[in-house]
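S.K.: what shape does this take:
(one chain, ligands or ions: 1)
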Amino acid sequence: MRIDVLSIFPNMFAPMRESIMGKVIERGLVEFNVIDFRDYTDNKHNNVDDVVYGGGQGMLLMPQPIFDAMAHVEAEAGNRGRVILLDPAGKTFNQAMAEELAHEEHLTFIAGHYEGYDERIRELVTDEISIGDFVLTGGELGAMTVIDATVRLLDEALGDEMSAVDDSFSTGLLEYPQYTRPADFRGLKVPDVLLSGHHANIDRWRKKESLRRTYHRRPDLLENYAFTPEEHKLLNEIKAEEKE
Ligand SMILES: C[S@@+](CC[C@H](N)C(=O)[O-])C[C@H]1O[C@@H](n2cnc3c(N)ncnc32)[C@H](O)[C@@H]1O
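M.R.: The predicted structure is shown next:
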C-alpha cells in the first residue's frame, strides 16, 4: 500500500515511525510519504492561507498549493488513489471504514489547518472523514488515527503477538475481558473457566462476556447485530442473570 499525506506540519507525523506502523514501513509493507504543500506555493512568501471572502475570522487554506501538491503525487504514483479529506463535516470514522480502506492500493490524505479549506479543495476528494464530533486544530491527528486503524488490518502488519480478528467492532461486538499471568494477583482472580483448558467452554464464556460488555456499554451496536440462535440464548441468559 502507498500512503501520501498532504500537510504543512510534516514533523507531526513522527509517531508514524514508531511501533507497528514504524515496522510496517521498515519492512516495505507500506510506502509512507508526507508532502509539505507549503513547498508547492507559487507566491514569494510561501503563504498557504488567506483571508475569508465575505469577511469572518481566521484564515483558510488556499487551493493552489494543495492542487499542485496533489499533481505531484499523481505524477509520481501514476494516480491519486483514494483522496481523503479530514474534516469535522465528514463521515464519522469507524472500523468498517478502516476495513474498506485496508483493501486500497493507494490512499492520499489532506490535513487541514487554521479555519479549514477553501471549498474548491473538495474537487480533489473522494472521501471526507471526521474522527468524531469535536474540533481539532489540524487534520494531522485525524489522518494518523485513520492510517493507524487501517494499516494494522493489512496482512502481516501485526505479526504473531497480536490479532485483529476478535478486536472490538471487528466482530460487531466489543471484545471480551482478557487476562494474563498471574492467575491470582493480590486476591484478584482470573475466572476459573479460562484456566480450565476446556476450549468449548472458554469460547462460550468469551462470546457471552463480549455480548454482556456490548449490552452494557454499547447497546446501540446490538440494534443491527445479526445474532446467531446461540447468541440470542446467551443474551437472554445475561438479561435473566441481571434481573436476579
Ligand atoms: C480548526 S479545524 C477547522 C474547523 C472548521 N472551521 C469547522 O468548523 O468545521 C482545522 C482542520 O482540522 C481538521 N479537523 C478538525 N476537527 C476534525 C475532526 N473532528 N475530524 C477530522 N479532522 C478534523 C480538519 O482538517 C480541519 O480543516
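
S.K.: next, count neighbours for Thr228.
M.R.: 9 (other Cβ atoms under 10 Å). Placement of C-beta: from N, CA and C, glycine included.

S.K.: and the chain, which residues reach the ligand?
M.R.: 86-89, 111-113, 115-117, 130-132, 134-139, 142 (Cβ under 6 Å from any ligand atom).

S.K.: mean confidence for stretch 218-234?
M.R.: Stretch 218-234 shows an average pLDDT of 96 in the prediction.

S.K.: what comes up buried for that stretch?
M.R.: The neighbour-count check on stretch 218-234 (16 or more other Cβ atoms under 10 Å) flags Leu221, Glu231, Leu234 as buried.

S.K.: same thing with stretch 26-37?
M.R.: Buried residues in stretch 26-37 (16+ other Cβ under 10 Å): Val30, Phe32, Val34, Ile35, Asp36, Phe37.

S.K.: next one: stretch 105-122
M.R.: Buried, per 16+ other Cβ under 10 Å, within stretch 105-122: His106, Leu107, Thr108, Phe109, Ile110, Ala111, Gly112, His113, Gly116, Tyr117, Asp118, Ile121.

S.K.: also stretch 11-20?
M.R.: Met12, Phe13, Met16.

S.K.: now, the residues of the chain next to the ligand that are in strands?
M.R.: If you go by DSSP state E, those have Leu86, Asp87, Pro88, Ala89, Ser130 in strands.

S.K.: mind listing what the second one touches?
M.R.: So the one you mean is Asp87. Residues in contact with Asp87 (Cβ atoms under 8 Å, 6 or more residues apart in numbering) are Gly112, Gly116, Tyr117, Glu128, Ile129, Ser130, Gly139.

S.K.: name the nearest residue to the second one, sequence neighbours excluded.
M.R.: Counting by Cβ to Cβ, 6 or more residues apart in numbering, Gly116 lies nearest to Leu60, which is 6.2 Å off, once chain neighbours are set aside.

S.K.: in this structure, what helix or strand scores lowest on average pLDDT?
M.R.: Least confident helix or strand of the chain, by mean pLDDT, DSSP states H and E, is helix 19-26 with a mean of 92.

S.K.: show me what that helix is in contact with.
M.R.: 15-17, 30-32, 147-148, 151-152, 154, 157-159, 162.

S.K.: 6 Å instead, please
M.R.: Val30, Phe32, Val151, Ala157 (Cβ atoms under 6 Å, 6 or more residues apart in numbering).

S.K.: longest helix anywhere in this structure?
M.R.: helix 199-217 (DSSP state H).

S.K.: show me which residues of that helix are buried.
M.R.: Ile202, Trp205, Arg206, Lys207, Lys208, Glu209, Ser210, Leu211, Arg212, Arg213, Thr214, Tyr215.

S.K.: now do the same contact list for the residue of the chain found nearest the ligand.
M.R.: Of all residues in the chain, Gly112 sits closest to the ligand, at 2.4 Å by Cβ to the nearest ligand atom. With contact set as Cβ under 6 Å, 6+ apart, Gly112 has these partners: Leu61, Gly139.

S.K.: please apply the same query to Lys189.
M.R.: Lys189 neighbours (Cβ under 6 Å, 6+ apart): none.

S.K.: give me the pLDDT for Met162.
M.R.: 69.

S.K.: ok, Lys207 next?
M.R.: With respect to pLDDT, Lys207 has a value of 97.

S.K.: and the strands in the chain?
M.R.: Under DSSP E, the chain gives strands at 2-7, 31-36, 49-51, 59-61, 82-92, 106-110, 127-130, 184-185, 188-189.
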